[in-house]
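Predicted structure and sequence below. I'll ask about it afterward.
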Amino acid sequence: MLDIEEGRYDHKPYRPTLIFKNTLGLDEAYRLGGKLYDPSHYQWFEQLFHSLMQDAATRQLFHQLARWDRYTSRHSFNVFVLGSLLAHRLKWPNIQEIASGLLLHDIGKTTVSRTVLMKTEAPIWTEWQPLKTHPRKGHDPLKANRFSANAISMAQEHHERLDGSGYPDEALASDLEDPARLLAVVDIYSALTLDRPYLQALSSYRAVHMIREEVGPLDPRYVRAFCELLGIFPQGPRCS
């Protein structure tokens, strides 16, 4: 089984309930809109996760990330859960490659100093600059292991914004593919609702409110679809 905290996976008979026992706790039910308590969602998702973990490159890279930084690996798993459920809701045909891109979108952070990643204070300017390069650094390990173009672009573009205000390349909307646009929304929500070494998590309600307010730099189609996926927040003008 996989143990997210320790980064272990073996080939014993698969016992998916332990995945969520180890990583999702009761507090996660609200953050996920209760989706994994629906048997149909759960069964679909456990099969997807099991399938990804059979790929040696996916398994090795995710375990590398888990060993490097616990917060980042937990965040990546959360992004994988939420993003995969959203792509499934949207009936995307290429879920497997999108899911691998979601799980490994932050692999570039293995090139960032652990001292910076584990700081209990917000990074200062000189530390922020190497942090901003991690999307670009995610390109090489994914390309070397022959991941799909979608997975590679998701690693490179998940901090880009439609108005060119993102990083590392200040790409414009015309340069951003749909998987990266979807990932940008889910990535922000996960980052806001998980405790970080230097910042306490926001409530789910507050996080979605902030995402709705940022709908300009984000793709409104995926903001709306994400609100509808969670289904636990009042429908406001930006989510309707």
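Received, thanks.

Which stretches in this protein count as helices?
Shown for the chain, the helices assigned by DSSP state H span residues 17-23, 28-31, 39-53, 56-68, 70-89, 95-103, 114-117, 125-131, 134-137, 139-144, 149-157, 178-193, 204-213, 220-230.

Quick one, which of the ones you listed gets closest to Leu172.
Of all those, helix 149-157 sits nearest to Leu172, with 11.2 Å by CB to CB. Placement of C-beta: from N, CA and C, glycine included.

From the contact counts, what lies against the closest one?
helix 95-103, helix 134-137, helix 139-144, helix 178-193 (3 or more CB pairs under 8 Å, 6 or more residues apart in numbering; DSSP states H and E).

List the residues that contact Gln156.
135-136, 138-139, 169, 180 (CB atoms under 8 Å, 6 or more residues apart in numbering).

Could you say which of those is surrounded by the most neighbours?
Gly138 (28 neighbours; other CB atoms under 10 Å).

isn't Lys143 right up against Ala151?
No. Lys143 is beyond contact range of Ala151, at 9.5 Å (criterion: CB atoms under 8 Å).

Who has more neighbours out of those two?
The neighbour comparison of Lys143 against Ala151 (other CB under 10 Å) goes to Ala151, with 27 against 13.

From Leu131, how far off is the more buried one?
Distance, Ala151 to Leu131, by CB to CB, to the nearest Å: 21 Å.

picking that back up, need the contacts of Gln156 in TSV (columns: distance to Arg67 and pLDDT).
TSV is the format used below for the contacts of Gln156 (distance: CB to CB, whole Å; pLDDT from 0 to 100):
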residue	distance to Arg67	pLDDT
Pro135	21	95
Arg136	22	94
Gly138	17	94
His139	21	91
Asp169	29	92
Ala180	26	96
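
Pipe the helices and strands packed on helix 149-157 into JSON lines and attach distance to Gly83 per row.
Below are these laid out as JSON lines (distance: least, CB to CB, whole Å):
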{"stretch": "helix 95-103", "distance to Gly83": "4"}
{"stretch": "helix 134-137", "distance to Gly83": "16"}
{"stretch": "helix 139-144", "distance to Gly83": "16"}
{"stretch": "helix 178-193", "distance to Gly83": "4"}
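
Right, I'll leave it there.
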